[in-house]
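K.L.:
coords please:
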Amino acid sequence: MDPQVERIAKVSARLRLVSTLLMFAIPVVLALVWAFMENLPFNTRLPVKVDASLPLISRILAFLASMIPGGVAIYALSRLRRLFDLYAHGVIFREANVECFRQLGWSLFAWAGASFLFNTLAGFILTFHWKPGTRLLVLSLDSQDIMAVFSGLVVITVAWVMDQGRKLNEEQQLFV
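P.N.:
A predicted model of the protein is given here:
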């Protein structure tokens, strides 16, 4: 095997492991965040301020709502894991690689939608225990959502270009 391909395979195997670990870490970390929200030493990015009186049911519902973008992140990591698995086995510039890139691009689009949905649900869940008239319905779209959509578009375009290059390479190999 080519030394460069061997190096790619080694690094990819490590990145496949990191992707796998992150897939399992996401729900655990989210559960811990919601369980210990009032003791966190950092500021979380939520649509409303959370205080220590947040009821258990609100924490559980907020965890479930946070699993919407968390689930999209897990899916994106699964596509990265698959891509790194292909690279670890020396499969480069094949249709399966292109499909991983395409799915990763679409997951970035989904991330933006999931983020919007989470913020709306979280605003409702986190203020539901407040007295009537003070509850909030939050609709927000921020620069991270716009960047996710743009990044998704870039990744899908790269996948399209890779696919065209792959097809040209396959045609060229047939003529030689």
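
K.L.:
please count neighbours and contacts with C-alpha atoms only from this point.
P.N.:
Will do.

K.L.:
and the pLDDT at residue 141?
P.N.:
pLDDT, residue 141: 84.

K.L.:
now do the SS call for it.
P.N.:
Of the three states, residue 141 takes coil according to DSSP: H, G, I helix; E, B strand; the rest coil.

K.L.:
okay, now the nearest residue to it once chain neighbours are set aside: neighbour count?
P.N.:
Counting by C-alpha to C-alpha, 6 or more residues apart in numbering, residue 116 is the residue found nearest to residue 141 once chain neighbours are left out, at 6.3 Å. By other C-alpha atoms under 10 Å, the residues close to residue 116 number 19.

K.L.:
same check, this time on residue 119
P.N.:
For residue 119, using other C-alpha under 10 Å, the count is 22.

K.L.:
swap in residue 118?
P.N.:
Residue 118: 25 neighbours (other C-alpha under 10 Å).

K.L.:
now do the SS call for residue 54.
P.N.:
Following three-state DSSP, the label given to residue 54 is coil.

K.L.:
all strands of the chain, in order?
P.N.:
Under the criterion DSSP state E, the chain carries no strands.

K.L.:
tell me which residue is most central in it.
P.N.:
Most central in the chain under C-alpha atoms, centre = their mean is residue 73, positioned 2.3 Å from the mean C-alpha point.

K.L.:
now that residue: closest residue in space that isn't a chain neighbour?
P.N.:
Counting by C-alpha to C-alpha, 6+ apart, the nearest residue to residue 73 once its immediate chain neighbours are dropped is residue 111, at 7.3 Å.

K.L.:
count of residues packed around the one you found?
P.N.:
Neighbourhood size, residue 111 [other C-alpha under 10 Å]: 24.

K.L.:
quick one: it and residue 131, what's the gap?
P.N.:
Shown here: residue 111 relative to residue 131, a distance of 32 Å by C-alpha to C-alpha, to the nearest Å.
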